[in-house]
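In: One predicted model, sequence on top.
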Amino acid sequence: MSSTAVPTGREQRILGIIETARAKRPKFRDERITMAHGAGGKATSTLIEGLLVPAFESESLNALGDAGSVTVGAHELAMTTDTFVVKPIRFPGGSIGELAVNGTVNDLAVSGARPLALTLSLILEEGLPATELRAEVEAIATAAREAGVEIIAGDTKVVERGYADQMYICTTGIGERDPRARTATDALRPGDRIIVSGSIGEHGTAIMLARGELGLDAEIESDTCSLWPAVDALLEEAGDGLRCMRDATRGGVASVLNELARASTVAMVVREAAIPVAPAVMGASELLGIDPMYVANEGKLVAFVAPESADAALAALRSVGGCEAAVEIGEVRTEPPGMVLVETAFGGRRVMDQLVGDPLPRIC
Ligand code: MG
């Protein structure tokens, strides 16, 4: 069926059922925490929207953005926090220390805030070799320098052997809202273009390969990097046409699309053939039985842009190192609200739902 064809009666009914379920605020009813609660998909959003957000009654939390806002005098600040538990701590293309800086920097950046400073909390396992710790401290310092942020406070805790896995890192970041940014999670309009800043699925695949569980020997490196240069270029060139940005971390691009389709009560249609995926990532995904759209990235963003600003946004992104392969993958539609549809290479159409379960645990 082509994108313009009218859905069949059966298709319409199924879409209607899913749509009704989507519109309801999720309730957190699980008896115990499972790995799925940390995967960034359906269970994570149930935990956040069904337990955490209602408990704290914060307007900023309600917006479900990547960072919250605090106004101090005339300054609007953005604040975010993230904990890193990736296994193994070093992998092709990066390490836990680099992720801990870039992950928090990127949540500020895609919220339209220039990253300024970070705090750093280390949870270390008794017996961790000092050489490993030194290497991560060095990685943190280098990544912070490259991203233009200062580490201004920190904390260190040690737990007994076996009560943590080598090291966990928590970073909290603060940034200043850029005056050019007009972005919001509910700002998407039908007709808006969906742009990704480069090829997807590399970080999650690199981690899985580094664990050696696939017995596969492919050259895939994590894409971890600061997205501020990409955001800066978009803010400069796409202006008010830039509706919203998200970094496509846990749960991948598919999760970003689903979250924002719900937040803006719009539909999205993505052209499968337009999605940039490296052949090695595609091969590994096929072996794992997962769609690269659900695989984590640590240096890719999704931008939603008004149609008249799409060309400028693409040109701006492509001028930034690491974003040369930025491309439009689809657009925002009206119906059915809250849903993401994929047009397959064969001309069919399917629903790209929220991630269920955790196919790739502890990837960040
Ligand atoms: Mg994010």
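Out: Noted; the coordinates are in hand.
In: May I see the buried residues of stretch 165-182?
Out: By neighbour count, with 16 or more other Cβ atoms under 10 Å as the criterion, the buried positions of stretch 165-182 are 166-175, 177-178, 180-181. (C-beta placed from N, C-alpha, C; glycine too.)
In: residues contacting whichever residue of the stretch 201-350 of the chain sits closest to the ion?
Out: The nearest approach of the stretch 201-350 of the chain to the ion comes at residue 247, 4.4 Å away (Cβ to the ion). Contacts of residue 247 were listed using Cβ atoms under 8 Å, 6 or more residues apart in numbering, and they are 66, 106, 107, 109, 110, 227, 297, 298, 300, 301.
In: right, and the pair among the buried residues of stretch 165-182 with maximum separation?
Out: Maximum pairwise distance in the buried residues of stretch 165-182, criterion Cβ to Cβ, is 40.7 Å, between 166 and 180.
In: Would you mind naming what in the stretch 101-250 of the chain lies close to the ion?
Out: Within the stretch 101-250 of the chain, the residues that sit near the ion (Cβ under 5 Å from the ion) are 107, 247.
In: 8 Å instead, please
Out: Taking Cβ under 8 Å from the ion as the contact definition, the stretch 101-250 of the chain meets the ion at 103, 106, 107, 110, 246, 247, 249.
In: my guess is the first one is in a helix, correct?
Out: Yes. Counting by DSSP: H, G, I helix; E, B strand; the rest coil, one finds residue 103 located in a helix.
In: Renumber starting at 59 from here on
Out: Let's use 59 as the start, then, which means that last one is residue 161.
In: ok, residue 213 - contacts?
Out: For residue 213, the contact set (Cβ under 8 Å, 6+ apart) comprises 177, 178, 179, 180.
In: follow-up on the earlier one: quickly name whichever of the buried residues of stretch 223-240 is closest to residue 271.
Out: residue 224 (17.8 Å).
In: need the contact list for the closest one.
Out: Contacts of residue 224 by Cβ under 8 Å, 6+ apart are 147, 182, 183, 186, 190.
In: can you tell me how far the closest residue to the first one other than its chain neighbours sits from residue 191?
Out: The one in question is residue 147. The shortest distance from residue 147 to any non-neighbouring residue, by Cβ to Cβ, 6 or more residues apart in numbering, is to residue 154 (4.3 Å). Residue 154 sits 11 Å away from residue 191, going by Cβ to Cβ, to the nearest Å.
In: Comparing these two, which shows the higher neighbour count?
Out: Higher neighbour count among residue 154 and residue 191: residue 154, with 25 against 16, using other Cβ atoms under 10 Å.
In: And the strands in this structure, which stretches?
Out: Taking DSSP state E as the criterion, the chain contains strands spanning 126-130, 133-142, 148-149, 152-153, 171-183, 208-217, 225-235, 251-254, 300-305, 325-329, 359-363, 385-391, 398-401, 407-409.
In: Can you check which residues contact both of residue 154 and residue 191?
Out: The contact lists of residue 154 and residue 191 share residue 225, where a contact means Cβ under 8 Å, 6+ apart.
In: in the longest helix anywhere in the chain, what counts as buried?
Out: Among all segments of the chain classified by DSSP state H, the helix with the greatest residue count is helix 188-205. Counting neighbours by 16+ other Cβ under 10 Å, one finds that the buried residues in helix 188-205 are 190, 191, 193, 194, 197, 198, 201, 202, 205.
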